[in-house]
Structures are given as C-alpha cells and as structure tokens.
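Enquirer: got a predicted structure plus its sequence, pasted below:
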Number of protein chains: 2
Amino acid sequence: MKELEALFYLVPVCSVIALAFAAWQARRILKFSEGSERMVKLAKIIRVGARAYLQRQYRGVGIFFAVVTVILAIMAFAGYLPPFTPFAFLSGGFFSGLAGFVGMSIATSSNARTAQAASGSLNSGLKVAFASGSVMGFTVVGLGLLDLSIWFFILKAVPLPFVAQLKNMVYEGMNAVALEQMQIEFITSTMLTFGMGASSMALFARVGGGIYTKAADVGADLVGKNEQGIPEDDPRNPAVIADNVGDNVGDVAGMGADLYESYVGSVIATAALAVSAGFGFYGVALPLLMAAVGIVVSLICTFLVSCKEDASQKTLLAALRRGTWAAAALSALAGLPLTYLLIVKPGLGGYGYYVAILSGLAAGVLIGYFTEYYTSDTYKPTQKLAETSLTGPATIIIGGIALGMQSTVIPVVVVGVSVMVSFMAAGGAGAIGSAFGSQAANQGLFGIGLSAVGMLSTLGITLATDAYGPVADNAGGIAEMSGLGEEVRKRTDALDSLGNTTAATGKGFAIGSAALTALALISAFIDEIHIKDPGFVFDLTITNPVVLVGLFIGAMLPYLFSSFTMNAVGRAAQSVVLEVRRQFKEIAGIMEGKAEPDYSRCIDICTKSAQREMVLPALCAIIVPILTGFFLGINGVVGLLAGSTVSGFILAVMMSNCGGAWDNAKKYIEAGNHGGKHSDPHMAAVVGDTVGDPFKDTSGPAINILIKLVSMVCIVFSGVMMAVALIK
Amino acid sequence: MKELEALFYLVPVCSVIALAFAAWQARRILKFSEGSERMVKLAKIIRVGARAYLQRQYRGVGIFFAVVTVILAIMAFAGYLPPFTPFAFLSGGFFSGLAGFVGMSIATSSNARTAQAASGSLNSGLKVAFASGSVMGFTVVGLGLLDLSIWFFILKAVPLPFVAQLKNMVYEGMNAVALEQMQIEFITSTMLTFGMGASSMALFARVGGGIYTKAADVGADLVGKNEQGIPEDDPRNPAVIADNVGDNVGDVAGMGADLYESYVGSVIATAALAVSAGFGFYGVALPLLMAAVGIVVSLICTFLVSCKEDASQKTLLAALRRGTWAAAALSALAGLPLTYLLIVKPGLGGYGYYVAILSGLAAGVLIGYFTEYYTSDTYKPTQKLAETSLTGPATIIIGGIALGMQSTVIPVVVVGVSVMVSFMAAGGAGAIGSAFGSQAANQGLFGIGLSAVGMLSTLGITLATDAYGPVADNAGGIAEMSGLGEEVRKRTDALDSLGNTTAATGKGFAIGSAALTALALISAFIDEIHIKDPGFVFDLTITNPVVLVGLFIGAMLPYLFSSFTMNAVGRAAQSVVLEVRRQFKEIAGIMEGKAEPDYSRCIDICTKSAQREMVLPALCAIIVPILTGFFLGINGVVGLLAGSTVSGFILAVMMSNCGGAWDNAKKYIEAGNHGGKHSDPHMAAVVGDTVGDPFKDTSGPAINILIKLVSMVCIVFSGVMMAVALIK
C-alpha cells in the first residue's frame, strides 16, 4: 500500500511536466517574428475578437454555472450529494474552460508567426504550427491530470469518520475493506460531479464555438464567394475576420474544452468502477497512472516530429504519423508493467486488463484510419463523391449522406469488438452470461472503461497534431489578406490540407473514446444507485417497457440536439449574410479595395448569435434526462443512456464523415478535377461543403460531449430521481 | 369454445366481403371513359411498362424465394422448423405480391379515367381516383385476412397427435390446456414464416419500386426541368413515361406490398403472444377479429367520402377525413364488445386490453396529424423551410434535415406513451417491475401488440385515401401530355396536392405501426426461443456487453441499409440522366415536338437498374441479423432487434418528413411565394426536393419493412442460431 501511495504521486508530477513542457513550447513560439505590420495588425484583430468572444461566452456560461452550483448546493444540503460536489462541479468547468482559453491564446499568437515562418519554408511553418498544437495538447492533458490529482488528494485527506457521517454509516467497527470501499466511493462520486462540470463547459464551448465558426464561415462564403465572386480569405469580405476568429473559438477553444472533458471523463468513469470490480485503490490507480505515463510517452514522441528542410507533404504527414504511432506503441508497452504492478502483483487478477487497454489503443488507431479512408480525397469514397457533383448539387448531397451512413459500419464493428474483447479479457471468459451485478461482470465493465483510457492515453500528441490544423488555416488567411504572395499561400494551403487529414484522425479518437466512456459511465450510474440504495432492484431487461421507452427517447435525443444546433447555425448564418450584403451595398468602394469593411460588426453579430443560440441545445441535454428520470425512473434512465450512446455515436460518425468528405471532395475538384474551380461541379461541391460545415464542426462533435454529459447529469441527479420518480 | 369457433369464421367472411367490394369498385371504374385516343395510348404505354416491370421483378424475386424456400425446406427436414413453413413462406410472398399487382393494375386503369373525369369536374376526378384507392385498400386487407384464415384453418386441422410428434412431445396423457398451448404454438410459429414471406416480398417491392420511381423522377427532372427548362410531365422529355410508370410500381405496387406486410405482421405477432399471455385461442381471436371488424367499419365509411359538385379543395380534404376519422371512431367502439366477448366474459382479464387497442388507434391518428403538421405547407415548419431557400440550396438542405430531425420528437413520445399505456393497461399496474417472463409482463407485451393491431384496424380506408394520390399524379401527367388544357391540369394538381397530405398521414400510420409491431415481434422471438428450449436462460440486461454490441449493430443497420438504397437511386438516376441527355442530343427535333423521344429505352434502363440495385440492400437485411446470431447468440440478437427498431423508427420518421417538407416547400414556392417558379429560391427548393425523393420514397418507407423483416428472419432462423452460436 505504501508503494501504491508513492505511485499516486506520479500523477501530479506528470501533470506538472506536461504543463512545463507546454510553457516552454509557448515561450519558444513567441520568439518567432509575427511578420509585417499588416500581419501584426491582422493577428491582433483576430486575437482581440477571439478573446472578446471567449470573455462573453464565459460570462454567459457563468450564469449557467452559478445556477447549477446553487442547485447542487441545495441538493448537497438536503443530503442528496456529498458536500464537495458544488466545488468539484465548478472546478471541472473552470479547468475545461481554461484549457480552451490557453489553447486559443497560443493559437492566435501562432497564426501570423506560422505564415511568416512559411514564407521561409514549408518546414518552418509546420514546426511553428505543430508547436502551437502541442502547447494545446499538453495543456489539456496537464490541466486534466492536475485537477484529478487535486481532488483526489483533497478528498483522500477527508477524515474517515467524517465521511462515514456524511454517508449515514456507523464508523466504529468498520473493517479495513469496508472503509476503503466507503472512501473510494466518496472520492469517485465527487469526482464524477467534476466531470459534469467539465462536460457542461465543453458542451457550451463546442456548441457556442461551433455556431460561431460555421455562421461566419457560411456567411462569408455565401455572399463573398458565391454572390460577389471574390476568393476565400479576401480582405474585402466583411466576414473574413469573423471567419478567422471562428476557427479559433470553435476549432481550438471548443476542441480543447471537448477533449479535456473526454480525457478526464474516461479516467473518472473507469476509476468509479474500481470498487464494484473489487480492486479498491489499485483499480483507481490504474487509469490515473496509465494517463500519467501516456503524457510522458507523448512528450518524448513530439521530438520525433521533425524532418529535413523542404520535405514533401507526404513526408510531413509521415513525420506526424511517426510521432503518434510511436506514442501508441510506447503506450502499449508501458501498460504492461503498470498492469503487473497494480493488478497482477497484488494478486487481483491477470493480464486481461492489459488486453483491455490494448484493445482500446488499437480501436482508436483503426477508427482514425477508417475516418481518414472515408473522408480523404486520396481514397476512393471521396473521389467517387466528387464525381457525383457532375450531375449537380442534389446528387452530391445524396451521395455524401449515403457515404456518411456507410462509414458508420466499421466504427460500430470496431467499437463492438473492442467492447467484447475488453469485457471478456477483463472479466474472464465466464463474465458473459454471469449475472448482472456479479463481480465478473463488473470487472468486465471496468475493462471497457480501461479500453477508453487506453485509447486516450496518447491524447497529448494526437491532440497536438489535431490542434495545429486551425493554426495553419488561420495562417493561410493572414497570408492571403496581407498579400504574402502565391508561393506562401501554397505552403499554408499544404499545411491546411495536412491538417484536414490529422483532424479526421483526431475526430475518430474523440468519437470512439466517447462511445467507450459513455458505456463506462452507464455502469458508473448503476454503481451510484447501488451505493445510494444497496437494496434497489434493477430490471434492465431490454423488453421492460420502461427500458424500451427510455431507449427510444435516448435515441431521439441526439436528433433533437442536432436539429437545434443546425437550426442555430442556419439562423446565425442568415444574420451574417444580411450584414455582409448590407456592407457591400452601403459602404462604397469595398469591392475596389478603397474602403475597409466593418469587420467588427460581423464579429459582434457572430458573438451575439452564438451566445443566444447555444442555450437551447445545452438545456435540452440537461432537461430531457432529468425529466425521463422523473417519469420513467432509474430503469428508464439506463435505457435512455444506452439509447443516446448508441444512436449518438452512429449519428456523430455519420455527420462528421459526411462533412469531411464534402469538404475534401470540394478540395479535390479545386485541385483541377472535374472542371476545377468555378465550374458547375465546383459550385455543386461548394453546396455540399456548406451543408457539411455544421455537420462536421457543430453538431457532430457536440454529440460526443452530449452522450457523456447526459450520463453525468443522471449520475449527479440520481438521488433526486430515486426520490421523486413516478415509476420506481 | 363453440361460440369462439363460430367467431373465427367471421374472419374469412369479412375477407371475402372486402374482396367483393374491391371487385365491385373495380368494375365501376372500368365503366368510365379513358378519354381521347392519345390518352388511351398513353395510359396503355404506362400500363404496359408497369406490368413489364412487375413481371421482371417477380421473376427476379422468384429466384430469391426459390433459394430461401429450399433453405427452409432443408431446415424443416432437419427438424429446426415445422414442415409447413416453406409453403407458408411462399404464400406470404405470393399474396403480398398479388396485393401490389392488383393495386397497380387498377391504378394504371384509373389514371386516364381520372384525367377524363376531371375534365368534367374536380369532384368526378376525385371519385374515380378514390375508388381506385379503395380497390387497393380493400384488396390488401382482404387478401391479408384471407391468407391468415387459410393458414389458420389448415393448421388447426392438423391432427394433434401428429403435431405432438413434430414437436417431439408425448401426446398421450397431455391435458387440454397443454394441448391447446401446443396447437397454438404450432399455428403461430408457422404463420410467422408466412409473415417473413410477406416482408421479404414487401422489401423487394418497396426497394425495387422505390429505386425505379426515384431514378426516373430524378433523371427526368435533372435534365428536363433544370437543363432543358421544359415543364414537368412534358411529352418531349424521354423519361416522362418512365416517371409515370414509376409512380405505379413504387408508390402503388410497393406501398401495397408494404402495407399488406404491416397488416398481417401486426396480427400474427400479436396472435403469437397469446400463449405466453395465457389467453389461448381467445388471445389469437382478438387481433384477428379486430382486423375483421375493422374491414366492415372501413367499408361502411368509404360511403361517407362524397360531397357536392364543385366543392373546394378544403371541403374535399374534409370529406376524406370524415371517412377515416369515422372509421377510427367506429373501430374504437367495436373494440369494446370484442374485448368483452373474448377477454372479460371468459374471465381472462379486464377492459385494459380495450385501452391498449384504443391507445394504438389514438397514436396512429396523432402521428398522422403531426406528420402532416411538419410536412404540409399550410403549417409553419414547411413555410419557414421555404424561406431558407432565399439563401440558396445549402441552407434549405440544412433546414430540411434539421426539420426532419426535430419532427422525430413527437412520434417518439407518442409511441412511448402508447407502449407504456398499452403495457400497463394490459398487464395491470403490477406488470412494470414484475420479472421478465412473468405472466403479467407477457400480458403487457400482448397489449403492445394489440395497440399495433388497433392502429392498423382501419387500414382499408386509410390506405384508400393514401393510394389515390399516385393515381391523381398520373392523371396529371396524362392531362399534360395529351394537352387537356390549363383548367384540367389545375384540377389534377389540386387532387395531387390533396394526395400529398393523405400520403403524409398514411406514412405516419405505416411508421407508427411498424414500431409497435416490431416490438411485438421481439417478444415473439423471445417466446419462440422459450418454446424451442424451455430451459434457455436469457440475460437481456442492457449492460450485458453482448446485448450492448447487438444494440450498436442493430442501430447501425438502418444506416447501412439506407446508404445502399440511396446509392442505388443515385446510380440508377445517373444512367437515366445520361440516356436522356443522349436522346436530346442525338434525336433531332425532340425539343420542337417534331420527333418523339424513345420512351421505352428509359423504361428499360429503370427496370434493369432497379432489379440490379435491389439485391444488395435486401441481402443485408437478411445476412446481418443471421451473422449477429451466429457470433453473439440469442441475447445479442435481441439487442440487435431493439437497436434496429429504435434507430430505424427514428431514422425513417426523419427521412420521410425531410422529404415531404422539401417537396411541399417547393410546391409552396411554385404557388407564387418567395419569387415563384424559375426564381433562384425555386431552383434551391428543387435541389431540396430532389434530395428528398430517395429519402421519402425509397429509404424511409423501406426501413419500416426492414425492422420487421429482421425480426421475422431471426424468428425463423432462431433454431439454427441456437445450435451454432459462438456465444450461447
């Protein structure tokens, strides 16, 4: 046990290492030049716009957090929740927001520097952008582990008699095993609230940022490209800066908050399953240490991302891949001694848990690969999609949706195999068919959680390769607007295009881990009910009508949520379109480049609409599960969680891949196929791309968060649900 | 019991009444004039084309049926199935196909007659078209009950000692209850195979017909309307006849086979649940008689559909509604004495079963209404959608998908409430929370089946109002092509538009009943396993990973299926587009009306592609569940069935409503809003309508059949699955 305690200290140590590395990288980036005066100015406008948006968002979200904190405080006071939960909730939201903020700050400081560096060589551009991405990646994992450590040590320090009192237990005479169990339950159930805070923040950031970025993008494209016929990122377009701000608040800040939530969510959910699996603190340590080791491994592997001057794009992609694949391989290796130390040596079980970790790692790589296969224009599916543009916009829309639907098959099979393998390997061959709630089954469910942790263990580096994309995108915009010339623009385009590929892989990881984490959270919910009322009788049979109806409502929830987010993008875009049209009409000399458009008006409109529009989808993610609990009770809620996980996973994969494929089909045509730019097929492909924007950058990724937030909300509100449910 | 036997004879009697009524109506229609020489000629081309397609389809499907019959025969020989099943399977397919064929024959004989009658008055046009619809409606229900009766009486006549021998039971010494149970199980499990035959046929008819009609429609529109700028149904368009043939083979023959399957499916599934609910032959009689009484009620109410000469369109809709709503009310009344006779009087239970029937009827009406609300341009949602066309095709696509997604909420809630009400009313308040497999729970599941039967009991008349639409559509085409003048075209357009509204209601019924029937079929599957191996231990807990993975695969299946069907439409449409373009280029004088285009080439291309393309989706509906059973075993299959029902229901509602709303948004613009015909918004709306075509007429409705066919396949192959499953 002493040994174990020493190991626990590794977690905050690794978190500090990650943060220090991020700080070092950030300092390195800031030493680069931002380029000409115009570039400095443009970068500043973008930075100020993005900051202004985030400030406003945090203010709006602050109200939400204040209200929920008060509700949690009342619930804690009434005895439904441990007393620390309101603070845990707040800290989760705070750190998730902070991760997004830091990532965005460095991204907005790197865009002009990337453009400037790219005017030297493609390679230097890549390096600045990748450094910016790794600041974000390591900030996310560093802050995640930091928050986890802080709460872990605080909660562990709470005196046991006090914990017993809180849980209405008699402290005197409890044996060591019961005490440990009580303590872990106390720790993990508080930490799940912290997860709910992170998820709530992530949802707001993803939805708000997603609405912002796509409203600006669609608005800029529809009027600028289609109506006025000026190129993308042209400074004459009044929405062009808003578009660049959007990349930062949506694709950077939103993604940072999102993956922060995924990361801590998977660790917490798995740790919460440790008790019922019978592993005590050893079981809590395994996911935490796996994450900690993953940080070190990822950090080392970032140094593999380098190559000779003036390498081709293919070599660059290979360099990035070398980094992420090496990290996956090292992580796989590192899991072995950890499993030995925490499971095998204390005599708790065998190497099956290692297999569970491996299955998650492998699933992540596979889903990433197939996401790329379906969305990259170097493969058949997207090339064939581009061909359907020959018969107009309708056929490319039909083709894209069909492609997206088909692309769900392999991720479903991969997740299915991963679930079966990790469950059976962890719980032993006897776990299948052993009764609900048996230890073998609980160990199997712990295994599913471990596979999610395994998948996300190398998040530091996968996120770095992912987060560099928007920086490159912005750099391209700045290069265009400050007239850096054809050659530089070509280089930033190459970097941007590479970013699309890594973004696809990143999305695969985010979606796959969301499905596995959500499954672990369902088990955590059931455990939580058991803890609250050990006598509760579950009837989770799928033919129980309460479960079935829950399943229906859960499966419908991602659809309702997506309809809200897509309508929000539509409405916000419409107001941008009207504003851009107005400026072209009323400000004389814009088209001739004699007068400067009013960029800030567009930024302001995007900010306001994103704030207004993010409320409804966020509320439905919280209210629907609570209402379901009130009407259908605990069994119905489990049905709801299963339904939303399954349906949400499939819908998210479909929407993300549809959007990615349309985007790249357009790029494929722009590269000179099927008539190239400004041909009819190109116009059709632009329609596809525009439809795909809210699919892939707003609704799709937000569903990942939705399915976890729903579980966390149910866990936190489980006590109230049990008390007031209409059907018990 | 004597009384009960007498009641059973009512079923064939009512079926004969329905068929006689259909024959009488058909004779009445044929007395009307087909109009001018050109109209006779056009109607003949359409009729011949449609017949040729069906013949070819039946030949193709014949191969499939031959193969499956041989497989079933082998399985029956090996003892996995009762010996009658291959014949039952064939008869289900035959009658389903026959229902489609009859419906299509009368529709292709009524189109010119409707156009001719409409040149007299709007009212006469409506009457001919509605008469044609009612021939179809009553043929479907008549043939359905006929086939059910034939099998029921044949199987009931099989000597009990022989049945016992087939089931490896010892006949001697069995008591009356055990004998009755054995006999009903023998009857219903054979009849479920008959349901599988009907579902298979329906799937082919819906998918093949759906591909045909949409390929022709999309092909005709893309080249004719968009590229050449000629109006819809213009005789210069080489694909125009294929388009009209398509309406008949898709919207008539396909729909007939589809609803035949829904109708018999719900009755058989409910009857199969009678044993485990403890109701014996009384339980079998209730759904059969409810259907029989529904026929009589519907027949009477068709006479309510009449109105004064030259009534407005609103009055016409009111007339149709008077008929369907009166039928629903009468059906609701008729359920009361039936419940008394079959449940209350024999002392089997209370009036809860009547409540179950009522909840189904109410759910059908509600879903129908809200389908109309979301898709008709007299309501806000579609009007708002039309507005999004102002900013181009991309925003109307986004808006339409968001609308479709949002429109899933109310049907999910309605079905959920209906499931809860019918389960609790039938099983008693104690059913929820009583263990899986308890009699109370089984009675509740029987209640869910009854709600599906209740919903479909008035199918005779709802189908009549639904099936008249395509006839009116065709009449419009013939009026246009034979130059009947502006006034007549206006009248047929009015009829057509009215048909869109009734089609929406009809689709609501089809989808709602599919969900409830599929749920009943899941229970029937579980019963079937119990019958085959009374000692089988289920673990249907939703956290059982086998069930979870089944759920994932099941939820993915409708996506895979839709991607196949949409791609099929895309490919088929592409070949039509190329052919139409070729004809415009190569046949001189088409555009001037001097040369006639080669209609038959287009018909031929559609036929061939529809045949080729329907194979893959149909196969995946059969192979995926069987493979799942082999790998994941029985528990996994139950997960699969629940997943495909829930996900398929929601996806089908979404796709159908998207398509309906786009179609009507286009019509709304054509009526002069937002710039009217040939404006930019209109072009955008045409893109939406084209995307919606395969949504609403191919993929969406085919999913209804898919979710039931999957259950039936699993029931029929359950014995083999149990024998070879990897995970037991």
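Expert: Nice, thanks for sending it over. Numbers count the residues shown, from 1 in each chain, chains lettered A, B, ... in the order given.
Enquirer: helices of the stretch 601-728 of chain A, residue ranges please.
Expert: Assignment of helices within the stretch 601-728 of chain A using DSSP state H, counting those that start in this stretch yields the ranges A:615-670, A:680-694, A:700-716, A:718-724.
Enquirer: buried deepest among these, which one?
Expert: Scoring those by mean neighbour count under mean count of other CB atoms under 10 Å in any protein chain shown gives helix A:700-716 as the most buried, with a mean of 29. (Glycine included, C-beta is placed from N, CA and C.)
Enquirer: just checking stretch A:358-373 against chain B, any contact.
Expert: No. With CB under 8 Å from any CB of the partner chain as the criterion, chain B is not reached by stretch A:358-373; the gap is at least 12.2 Å.
Enquirer: poorly predicted segments of chain A, please.
Expert: Within chain A, the segments meeting pLDDT under 70 span A:1-2, A:307-313, A:429.
Enquirer: which stretches of it form strands?
Expert: Under the criterion DSSP state E, strands are not mapped anywhere in chain A.
Enquirer: farthest residue from the center of it?
Expert: In chain A, the greatest distance from the average C-alpha position (CA atoms, centre = their mean) is reached by residue A:173, at 45.3 Å.
Enquirer: residue of the stretch 251-400 of chain A closest to chain B, please.
Expert: With distances taken as CB to the nearest CB, the stretch 251-400 of chain A approaches chain B most closely at residue A:394, which sits 3.6 Å away.
Enquirer: tell me the contacts of that residue?
Expert: Residues counted as contacts of residue A:394 (CB atoms under 8 Å, 6 or more residues apart in numbering or on different chains) are B:218, B:222, B:686, B:687, B:690, B:691.
Enquirer: how about the contacts made by residue A:89?
Expert: With contacts defined as CB under 8 Å, 6+ apart, residue A:89 is in contact with A:65, A:68, A:69, A:72, A:193, A:194, A:196, A:197, A:716.
Enquirer: now do 6 Å
Expert: Contacts here follow CB atoms under 6 Å, 6 or more residues apart in numbering or on different chains; on that basis residue A:89 touches A:72, A:193, A:196, A:197.
Enquirer: surely the second one and residue A:90 touch.
Expert: What that stands for is residue A:193. No. Look at residue A:193 against residue A:90 with CB atoms under 6 Å: they stay out of range, at 9.5 Å.
Enquirer: for residue A:96, give me its contacts.
Expert: When contacts are counted by CB under 6 Å, 6+ apart, residue A:96 is found next to A:198, A:201, A:202, A:257, A:260, A:261.
Enquirer: picking that back up, the more surrounded of residue A:193 and residue A:90?
Expert: For residue A:193 versus residue A:90, the count of surrounding residues by other CB atoms under 10 Å in any protein chain shown is larger for residue A:193: 27 against 19.
Enquirer: quick one, what contacts that one?
Expert: For residue A:193, the residues meeting the contact criterion (CB under 6 Å, 6+ apart) are A:85, A:88, A:89, A:716.
Enquirer: what about the first one, neighbour count?
Expert: Burial of residue A:85 is recorded as 24 neighbouring residues (other CB under 10 Å).
Enquirer: on that earlier part again, out of the contacts of residue A:193, who's nearest chain B?
Expert: Nearest member of those to chain B, counting by CB to the nearest CB, is residue A:716, at 19.9 Å.
Enquirer: is it true that that closest one touches residue A:196?
Expert: Yes. Between residue A:716 and residue A:196 there is a contact at 5.3 Å, judged by CB under 6 Å.
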